[in-house]
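> need a 3D model of the following:
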Amino acid sequence: MDLTVEIYEVTKTWPSAERFSMIDQIRRAAVSIPANIAEGQGRSGPREFLHHCSIANGSLSEVETLLLLAYQLTYIDNAALNALMLQTNEVGRMLRGLIKRLRVASPSR
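Below you'll find the predicted structure:
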């Protein structure tokens, strides 16, 4: 959730013309990461949890892509990009570990 909060903070400075496009898109993707993890955890078993973690991982990739685009459009500087990418890398590392454990708990048929 810390990454999501940081995304909300950094997008406050983006151009108002992006309010209903890129800002909303990256915020939705960032919110989707912890929301899907929570929803999957609340489901009936490891297979459903795995499915929702996979969606969260896709949302994380979307956030990374939008951050790179924001950098190219000069909405964020190199320092902000690096700090946020460090956070996405850490979230990704933890999420991949969780996915790996869930795959062991729920082998495919």
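> His51 and Gly40 touch, don't they?
Yes - counting by CB atoms under 8 Å, His51 touches Gly40, with 6.6 Å between them. All C-beta atoms are positioned from the backbone trio N, CA, C, and that covers glycine.
> pick out whichever of those two has more residues nearby.
Between His51 and Gly40, counting by other CB atoms under 10 Å, Gly40 is the more crowded of the two (22 against 16).
> tell me what the host helix or strand of the more buried one is packed against?
Assessed by DSSP states H and E, Gly40 sits inside helix 22-41. Taking 3 or more CB pairs under 8 Å, 6 or more residues apart in numbering; DSSP states H and E as contact, the helices and strands that helix 22-41 lies on are helix 2-11, helix 46-72, helix 78-105.
> can you list contacts of it?
Contact with helix 22-41 is made by 1, 3-4, 7-8, 11, 14, 48-53, 55-56, 59-60, 62-63, 66-67, 69-70, 75, 91, 95, 98, as judged by CB atoms under 8 Å, 6 or more residues apart in numbering.
> got it, and stretch 53-70?
By CB under 8 Å, 6+ apart, the surrounding residues in contact with stretch 53-70 are 3, 7, 14, 22, 25-26, 29-30, 32-34, 36-37, 40, 76, 81, 84-85, 88, 91-92, 95-96, 98-99, 102.
> thought Val10 was touching Ile76?
Yes - between Val10 and Ile76 there is a contact at 6.1 Å, judged by CB under 8 Å.
> need the residues touching each of the two.
Residues touching both Val10 and Ile76 by CB under 8 Å, 6+ apart: Leu84.
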